[in-house]
Structures are given as C-alpha cells and as structure tokens.
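Q: Give the three-dimensional model of this entry:
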Amino acid sequence: GSISGDYRLVIHWLEVTEDWNRLDQLMIAHQCIVCVIDAMPYKNSAKNFARRFPDNVFIQYFKGDDIKTGFEGEGLSAVPKVTEDRTEGLDQTIADLKEGKILLPDRSENDKVETCITHLLRLKKEKKISDKDGSLVYVYKKGGETHFGFALNNCRIATEIMAEKYGMYLIPKAGKFNDN
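A: Got it, this is the predicted structure:
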C-alpha cells in the first residue's frame, strides 16, 4: 500500500503466494518501506524473511491491547516484531475500510479484489467469556478463508508503524468502501 495525496491508505496490489522468495520480489518491486507479516503459523519462514529486510519487516502476533513494537530474539537473530489485540485491530481495519481510509484497487485492475472483499465479509464475531475478567465479549471467529482481511489489518499496522517511525501523521479523508 501507499499513502495517497489525499491522506488515505491506498492498496495497489493484491496477490496470493506461498513462495517466500516471491515476497522478496514484491518488497523490491513495490519499494515497501514497512511490511508487517503474520508470525504464525510459519514462524521460522517469517523470521527469515524479516532478517532479509531488517529495517522494513516486522513479524506480527495477536497479543496485548495496543500496538506495541519491539524485537524478538537477540543479537543477529533478532527481528522486529509488533503485537496488537486481534479484535481491536480487526475492528479498526474494518472501520477504516467503511470510512474510506483504506482503499482497495479498482476491480478492473486486479482480479483478487473480489476475493479480498469475500474474505472481509467472512470476518464474523461471536460471544465469548473473557479470559481476563470473565465478562461477556465479542471476538472474531477463528478459521475460514479470511486471509485478505488479516493482510489488510497488517497493512494498516504497517502504516501506523511508518507514521511513528518516519514522523508521518495521516489525516484520513472520508469516503465509502463500496465505491470501488
């Protein structure tokens, strides 16, 4: 993604790959400044990818409440990491999409847009008893084809890291998610 002149996060490429070397190519081709990638379930592959781009790639875990950055490991094996609450993060990403703060590519320009929208629509909440205090909470169901939903969440996190790291503050412009 990139930051447009009107201060929105504009997603300009959607792709599905299981080839970690392809991610290297995408980082270079799209001149990615900050990338956030799920640490799980392929933790070693994610860490190796982060080591190939030590100033640009953060591995991500769902943990805690607010977005927090740090490092995992020590010395030359250390990699940047970021943690965020799963439900809070997905709520923010969905809100940003609905408010037009995150824009997807035009459907005519990328054949993965429909898949992305389908994945987003599959993000559903369920009631659960909180592990923290026993209260009733709503959390996103696990499982199912929701990969692009989590990828957009990671892109949003990357944008926040970039804003903090480089002193960029984004002022989102309102719009509608369904305008694509």
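Q: hey, where'd the strands end up in this protein?
A: 2-3, 9-10, 35-38, 57-62, 68-72, 79-84, 102-103, 125-129, 136-140 (DSSP state E).
Q: For Asn56, grab the count of nearby residues.
A: 16 (other CB atoms under 10 Å). All C-beta spots, glycine's among them, are computed from the backbone N, C-alpha and C.
Q: can you check Arg52 too?
A: 14.
Q: Without its sequence neighbours, what residue ends up closest to it?
A: Asp24 (6.2 Å; CB to CB, 6 or more residues apart in numbering).
Q: The one you found contacts Ala50, doesn't it?
A: No - Asp24 lies out of contact with Ala50 (CB atoms under 8 Å); the separation is 11.5 Å.
Q: Give me the more crowded residue out of the two.
A: The neighbour count for Asp24 versus Ala50, taken as other CB under 10 Å, is higher for Ala50 (23 against 13).
Q: so what's that one up against?
A: For Ala50, the contacting residues are Ile37, Val57, Phe58, Ile59, Val79, Pro80, by CB atoms under 8 Å, 6 or more residues apart in numbering.
Q: most surrounded residue in those?
A: Highest neighbour count within the contacts of Ala50: Phe58, with 25 neighbours (other CB under 10 Å).
Q: That residue reaches Asp38, doesn't it?
A: No - using CB under 8 Å, Phe58 is not in contact with Asp38; the gap is 10.6 Å.
Q: Please tabulate the contacts of Ala50 in JSON lines, including the columns distance to Arg86.
A: JSON lines is the format used below for the contacts of Ala50 (distance: CB to CB, whole Å):
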{"residue": "Ile37", "distance to Arg86": "16"}
{"residue": "Val57", "distance to Arg86": "20"}
{"residue": "Phe58", "distance to Arg86": "16"}
{"residue": "Ile59", "distance to Arg86": "15"}
{"residue": "Val79", "distance to Arg86": "21"}
{"residue": "Pro80", "distance to Arg86": "20"}
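Q: ok, how many other residues are close to the residue lying closest to His147 once chain neighbours are set aside?
A: Of all residues not flanking His147 in the chain, His119 sits nearest, at 5.9 Å (CB to CB, 6+ apart). For His119, the count of nearby residues is 19 (other CB under 10 Å).
Q: Would you reformat the strands of the chain as a markdown table and include mean pLDDT and distance to Glu109?
A: A markdown table is the format used below for the strands of the chain (pLDDT from 0 to 100; distance: least, CB to CB, whole Å):
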| stretch | mean pLDDT | distance to Glu109 |
| --- | --- | --- |
| strand 2-3 | 48 | 14 |
| strand 9-10 | 83 | 12 |
| strand 35-38 | 93 | 22 |
| strand 57-62 | 94 | 26 |
| strand 68-72 | 92 | 33 |
| strand 79-84 | 94 | 29 |
| strand 102-103 | 88 | 12 |
| strand 125-129 | 91 | 31 |
| strand 136-140 | 90 | 29 |
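Q: Much appreciated, bye for now.
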